[in-house]
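Visitor: Need coordinates for the below:
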Amino acid sequence: MPHLFIALTAHGYGHLAQCAPVVAALQRRRPDLRVTLQGTIDPAFARSRMPAGFRHLSVAADCVLPMDGPLQARWHEGLALYTAFEADYDRHWAAQRARFEQDRPDLVLANIPWLPLDLARAMDIPALALCSLNWYDILAQSPVGAALPAAVAERMRAAYASAATFLRPSPSMPMAWLPNGQDIGPIAVRRRRDPAGLRTRLGLDPDEQPVLMQFGGAGRLTPGSLDELPPRVRLLSPDTGLAARHPRIRLIDAAEVPDALASCAAIITKPGYGTFAEAACHGVPVLYVPRGDWPEEPWLVDWLSTRVPSAALSAAEFAAGAIGERLAELLAAGPAAPLAATGVDEAMERIEVLLASC
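Guide: From the prediction side, this is the model:
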């Protein structure tokens, strides 16, 4: 029974969102596959996205870049964490090695902790990286990039380059320095687009336009007055605090978000891989609040702009509730042709090649 060991960075939801559809497709092809998921991601969220039967190790394989809400990284604090992780690398290495020795993987898949890749190379375990970014490029291109210690940079670069392949799902940062990089299509879970069914399930009127508002797993953004919303728009949010404060916001369960995204009239969000890829693969227009100094953002925004109607709204405008005009323009543009999520099968096939001998 082959053992796939997935190491995740618990920075928001996007890292699991990239891996889970691939694992689901792989388990349909290889029902004997045994899966371990390592990362301090919320267990309920992991269960909602991953196929049943996986083992969850709720322990970090790297450090997590701290955030002030969904838009702003605490760069200097983060740099100190990465520097401290490198200073204590031998202890982290020993702990990870003990996990691998206790239940040796047949394949390691990292999205995108670097230590498991480094250790897999030393233990002669096949390994893949799968992500639209890597922590070396994020830190090097961030406001603290000039202060990135050489030891941290060199360790990350060597580990990422040691993987058999670094799969870069579209849209990705270029990561052109990687000798093992392979571009693949977008990764998303395709769901049936059924706006009428969504309105019925939520008890909305037939002429109401449901607009999903969600900002991922790193906190909330709070809009001001929603008096300028276009008529007949109903915002959907899994945030109980927001729904309680605004009558134009309809509370939905977190488990309903994927289906709501597939069938809504538009999405209000931040630039992030999971939501942008899901939006493009369902043809849903996107109104986004830029993150500003997030190095991955230009690649996400440029890619999305050629796939679905999209527009930016500053954080100040969002906080003031000045959403109406741009949202109305996106609703008038309507949905685009859905994009095929070809990266799921492409990633699955690369993993299968490495598992073929197991």
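Visitor: From now on I want contacts and neighbour counts done on CA atoms only, so please keep to that.
Guide: Fine.
Visitor: which one's the longest helix in the protein?
Guide: Criterion DSSP state H: the longest helix present in the chain is helix 14-29.
Visitor: Name the residues that touch that helix?
Guide: 8-9, 33, 46, 49-51, 111-112, 130-131, 187-189, 272-274, 344-345, 347-348, 352 (Cα atoms under 8 Å, 6 or more residues apart in numbering).
Visitor: all strands of the stretch 151-300 of the chain, in order?
Guide: 165-169, 181-184, 209-213, 233-237, 249-251, 266-269, 286-288 (DSSP state E, counting those that start in this stretch).
Visitor: Which among those is found nearest to residue 97?
Guide: strand 165-169 (21.4 Å; Cα to Cα).
Visitor: roughly how far is the closest one from the heart of the chain?
Guide: 14 Å (Cα atoms, centre = their mean, to the nearest Å).
Visitor: and it, which strands flank it?
Guide: Using DSSP bridges, strand 165-169 pairs in its sheet with strand 127-130 (parallel), strand 181-184 (parallel).
Visitor: which of these is buried the deepest?
Guide: strand 127-130 (a mean of 26; mean count of other Cα atoms under 10 Å).
Visitor: just checking, next helix/strand downstream of it?
Guide: helix 135-140 (DSSP states H and E).
Visitor: List of residues touching that next one?
Guide: For helix 135-140, using Cα under 8 Å, 6+ apart, the contacting residues are 79, 112, 145, 146, 148, 153, 156, 157, 175, 294, 295, 296.
Visitor: Kindly recompute the last result at 10 Å.
Guide: 9, 64-65, 75, 78-79, 82, 112-114, 141-142, 144-149, 152-157, 160, 173-175, 177, 294-296 (Cα atoms under 10 Å, 6 or more residues apart in numbering).
Visitor: when you check these against the helices, which ones overlap?
Guide: 75, 78, 79, 82, 152, 153, 154, 155, 156, 157, 160.
Visitor: buried subset of those residues?
Guide: Among the ones in helices among the contacts of helix 135-140, those classed as buried by 16 or more other Cα atoms under 10 Å are 75, 78, 79, 82, 152, 153, 155, 156, 157, 160.
Visitor: Please report the distance of the residue nearest to the first one when sequence neighbours are not counted from residue 77.
Guide: Meaning residue 75. Excluding the flanking residues, the one nearest residue 75 by Cα to Cα, 6 or more residues apart in numbering is residue 144, at 6.4 Å. Using Cα to Cα, to the nearest Å, residue 144 is found at 10 Å from residue 77.
Visitor: and residue 121, what element?
Guide: Secondary structure (DSSP H and E) places residue 121 in helix 115-122.
Visitor: Show residues contacting that helix.
Guide: 5-8, 61-62, 89, 92-94, 96-97, 100, 105-110, 123, 125-129, 155-156, 158-164.
Visitor: one more time with 8 Å
Guide: For helix 115-122, using Cα under 8 Å, 6+ apart, the contacting residues are 7, 61-62, 93, 96-97, 108, 110, 126-129, 158-160, 162-163.
Visitor: swap in stretch 267-281?
Guide: 13-14, 17-18, 70-71, 132, 171, 186-190, 211-216, 261-262, 284-291, 297, 300-301, 304, 307-308, 338-341.
Visitor: What subset of these is buried?
Guide: 13-14, 17-18, 70-71, 132, 171, 186-190, 211-216, 261-262, 284-291, 297, 300-301, 304, 307-308, 338-339, 341.
Visitor: Any idea how far the lowest-mean-pLDDT helix or strand in the chain is from the middle of the chain?
Guide: For the chain, counting by mean pLDDT, DSSP states H and E, helix 240-245 ranks last in confidence among helices and strands (a mean of 79). Offset of helix 240-245 from its chain centre (Cα atoms, centre = their mean): 25 Å.
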